[in-house]
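Visitor: Need a 3D model of the sequence below.
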Amino acid sequence: MRSSICLKNRSIFFTAQNKPGSTKIFNFHKSRNIFTARNVNPSESLHDYVIVGAGSAGCVLANRLTEDTLSSVLSLEAGPKDTWLGSKLLMWKIHMPSALMYNLCNDKYNWFYHTTPQKNLNDRVLYWPRGRVWGGSSSLNAMVYIRGNALDYDRWEKEGAINWDYAHCLPYFKKSTQHSCGENDYRGGSGPVGVTRPQMNNPLYHAFIEAGKQAGYPYTDDFNGFQQEGFGPMDSTTWNGMRSSASVAHLHQQGAARPNLSAETGCLVTRVLIEGGKAVGVEYRQKGQLKIARAEKSVILSGGAINSPQILMLSGIGPADHLRTHGVDVKVDLPGVGQNLQDHLEVCVQQECTKPVSLYKWQQPQNMAKIGLHWFYNQGGLCGSSHFEAAAFIRSRPGIPHPDIQYHFVPTQLLDHGREKVTHEAFQVHVGQMRQKSRGFLQLQSNDPTQHPLIEPNYLDTEQDKWEMRQCIKLTREIFSQPAFDEFRGQELRPGVKYKTDDELDEFVRQFGDSTYHPSCTCKMGTDSMSVVDPVSLNVYGVSNLKVVDASIMPSIVSGNLNGPVLMMAERAADIIRGREMLKPAYNVPVYHPPTLETQR
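Guide: You can find the predicted model right below:
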């Protein structure tokens, strides 16, 4: 018999090996002053928390849970780290803001998902990139920092997400970020994620904002502050000319250095281990070896709106008949798992630019090298921005209490996920609906964890959704026709003059509509029969010690991009999981309401 004593993750372990392959661990838990003993094999590890996924939510949780030095945390990420030889600059395709398109279509850092053929989009299969790297999609996205509208979160509470209204969420939005303009009632001043107000040095940004004002829309200086509605500058998750991803903010700068955090990469979680109705750990593959990580307090799924429901179903938690079809033993019949899938659909409206002020010349190889070297020298210049620096939120029609159309403006061409070559001096907007009525679903294709699930977003399944997309194009054309664009406006490149009637616009949407990369709501929190997660504890219904924290638990999609909301949700979840006193709700912070709902603007 061999024995040893060691200190790991601030706990004391006494191990005794009786025979090869059989080890007994005696673990003294200082926080509880007790010993526990169990037999393990060499591929098994023991922790307080196991977090599945080191994306936006997972990085926040890994950092916050290890602030408690008596808690040991294991983070399991399917992809690699976002550094090479410890350097962010050597992984410049992730950390240089203008280089975002390089990895958007690279399956090395990307799950590379695709939908089913979409019946309302001419049977096209849509590409859904999702991050598979430290930082998750916050290491691949366009770094847009938008929270949505205050009324989105008030709606969440009405939908059963108790204490997830705006007053309860705003303090955690502030906690999650630091803003280049400083702290106020809406902005954070000392949080981990850097948020920067853009410089907007290109005249096309100013033309877009002025055109919105000329069309009768208001100006707003902060979409995340008092007033979302209107035209204005759009904040980004960049800091000092580099991407401020969740991994940079929470792992590089804080959590990864702590001895009570073990952060593993290249780990494909195959299932949650459930014993007696309780989650006790996960099974995963790493470098061809099947391993087990046990969790004494909680298993936390933070894989995102696709991976988290897939893991639940592979673990026997989901619609019973569907699980049996694929030979999965049913642990909990939970019909809402994988249902309620929501995403934002968008189209691009593009104009030729008659002056050489777009980014066209800088996208030529010889000039890209020049501005790239500038960035490597001091992280400055054109490569320090994603170039999504102006935006707008408007209402599609009278009677809408808050904006349901979003614009991302960019002073160049950007089509087919960046895979189409730039050919013109041009500018464009990505415009789409934000609160569509259509609902999709996600299902297993087999019980093989390596096979992607079936993704059915079911776009444009209602006449209302089709009308809204048509309206997006009509309103955009009106904005681009304003005097502010007279000196820049050439011919319309997309949709083009041949698309005029409603039927023609519908055909353009069917042919060119695409995802805004905002999948959500597939494990929604709430209290009805289709809810998957308890909004108070974040536990999965029917299984103790199993929680989900990511975009999948949103009851409904918010009116904007998702990264900012997910960071907020994870900050709030960390306090819930740790049993800490929650931040005081911000009941008295005012928010904008249109002076009248009788008109569209």
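Visitor: Quick check: chain neighbours aside, which residue is closest to residue 594?
Guide: Ranked by Cβ to Cβ, 6 or more residues apart in numbering and with sequence neighbours excluded, the top spatial neighbour of residue 594 is residue 229, at 6.7 Å. Where you see a C-beta, it was placed from the backbone N, CA and C, and this is true even at glycine.
Visitor: quick one: contacts for that neighbour?
Guide: Counting by Cβ atoms under 8 Å, 6 or more residues apart in numbering, residue 229 touches 217-218, 220, 393-395, 402-403, 592, 594.
Visitor: What residues does residue 369 make contact with?
Guide: Not one residue lies near residue 369 by Cβ under 8 Å, 6+ apart.
Visitor: Can you name the next helix or strand after the helix or strand encompassing it?
Guide: Following DSSP states H and E, the helix or strand that holds residue 369 is helix 365-378. Once the chain leaves helix 365-378, the next helix or strand it forms, by DSSP H and E, is strand 390-394.
Visitor: what's the average pLDDT for that following strand?
Guide: For strand 390-394, mean pLDDT is 98.
Visitor: Assess the claim that residue 80 and residue 265 are in contact.
Guide: Yes. Checked against Cβ atoms under 8 Å, the pair residue 80 and residue 265 is within contact range at 5.3 Å.
Visitor: Quickly note the distance from the residue nearest to residue 594 to residue 487.
Guide: Going from residue 229 to residue 487 by Cβ to Cβ, to the nearest Å gives 27 Å.
Visitor: One more: residue 202?
Guide: With Cβ to Cβ as the criterion, residue 202 and residue 487 are 14 Å apart.
Visitor: How about the secondary structure of residue 355?
Guide: coil (DSSP: H, G, I helix; E, B strand; the rest coil).
Visitor: Near residue 512, how many residues? Count them for me, please.
Guide: The number of residues packed near residue 512 is 18, by other Cβ atoms under 10 Å.
Visitor: In which helix or strand does the closest residue to it other than its chain neighbours reside?
Guide: Nearest non-adjacent residue to residue 512, counting by Cβ to Cβ, 6+ apart: residue 347, 5.6 Å away. Assigned by DSSP H and E, residue 347 belongs to strand 345-353.
Visitor: other SSEs contacting that strand?
Guide: With contacts defined as 3 or more Cβ pairs under 8 Å, 6 or more residues apart in numbering; DSSP states H and E, the packing partners of strand 345-353 are strand 426-433, helix 463-480, strand 489-494, helix 502-512, strand 514-515.
Visitor: now for the ones you listed, which one comes closest to residue 306?
Guide: Closest to residue 306 of those is strand 514-515 (Cβ to Cβ; 12.1 Å).
Visitor: Paired strands for that closest one, with orientation please.
Guide: Here strand 514-515 has these sheet partners by DSSP bridges: strand 345-353 (antiparallel).
Visitor: What is the distance between the strand it pairs with and the centre of its chain?
Guide: 24 Å (Cα atoms, centre = their mean, to the nearest Å).
Visitor: Spit out the contact partners of residue 205.
Guide: Residues in contact with residue 205 (Cβ under 8 Å, 6+ apart) are 198, 233, 389-390, 409, 411.
Visitor: now do residue 594
Guide: Contacts of residue 594 (Cβ under 8 Å, 6+ apart): 229, 395, 401-402.
Visitor: Give me the buried subset of these.
Guide: Using 16 or more other Cβ atoms under 10 Å as the burial test, these include 229, 395, 402 as buried.
Visitor: mind checking how far the second one is from residue 471?
Guide: For residue 395, the distance to residue 471 equals 10 Å [Cβ to Cβ].
Visitor: Residues in contact with both of the two, list them for me.
Guide: What both residue 395 and residue 471 touch, as defined by Cβ under 8 Å, 6+ apart, is the set residue 405.
Visitor: per-residue pLDDT, the closest residue to residue 335 other than its chain neighbours?
Guide: The shortest distance from residue 335 to any non-neighbouring residue, by Cβ to Cβ, 6+ apart, is to residue 319 (4.8 Å). With respect to pLDDT, residue 319 scores 98.
Visitor: And for residue 30?
Guide: What the model reports as pLDDT for residue 30 is 46.
Visitor: Return the set of residues that bridge with the closest residue to residue 430 other than its chain neighbours.
Guide: Among residues not flanking residue 430 along the chain, residue 408 sits closest, at 4.3 Å (Cβ to Cβ, 6+ apart). Residue 408 has these beta-bridge partners by DSSP bridges: residue 391, residue 430.
Visitor: Thought residue 236 was touching residue 408, still the case?
Guide: No. In this structure, residue 408 is not within contact of residue 236 by Cβ under 8 Å, at 11.2 Å.
Visitor: Mutual contacts of these two, please.
Guide: By Cβ under 8 Å, 6+ apart, residue 408 and residue 236 have these common neighbours: 144, 388.
Visitor: and stretch 72-80, what's its mean pLDDT?
Guide: Per-residue pLDDT over stretch 72-80 has a mean of 98.
Visitor: picking up where we left off before, of residue 202 and residue 487, which one has the most company?
Guide: Using other Cβ under 10 Å, the more surrounded residue of residue 202 and residue 487 is residue 202, with 22 against 12.
Visitor: ok, the residue nearest to residue 512 to residue 507 distance?
Guide: Distance from residue 347 to residue 507, by Cβ to Cβ: 12 Å.
Visitor: ok, the two, which is more surrounded?
Guide: Ranked by neighbour count (other Cβ under 10 Å), residue 347 and residue 507 place residue 347 first, with 23 against 14.
Visitor: Okay, and the beta partners of that one?
Guide: When assigned by DSSP bridges, residue 347 has beta-bridge partners residue 431.
Visitor: before we move on, the earlier item: buried stuff in the helix holding residue 369?
Guide: For helix 365-378, burial by neighbour count (16+ other Cβ under 10 Å) applies to 371-372, 374-375.
Visitor: all helices in the protein, in order from the N-terminus.
Guide: Listed in chain order, the helices found in the chain under DSSP state H are 56-65, 92-95, 100-104, 150-158, 166-176, 203-214, 246-247, 304-314, 320-325, 365-378, 463-480, 502-512, 563-578.
Visitor: Adding distance to residue 225, write the ones you listed out as TSV.
Guide: Output for the helices of the chain, formatted as TSV (distance: least, Cβ to Cβ, whole Å):
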stretch	distance to residue 225
helix 56-65	22
helix 92-95	28
helix 100-104	25
helix 150-158	10
helix 166-176	10
helix 203-214	16
helix 246-247	22
helix 304-314	27
helix 320-325	44
helix 365-378	30
helix 463-480	23
helix 502-512	32
helix 563-578	13
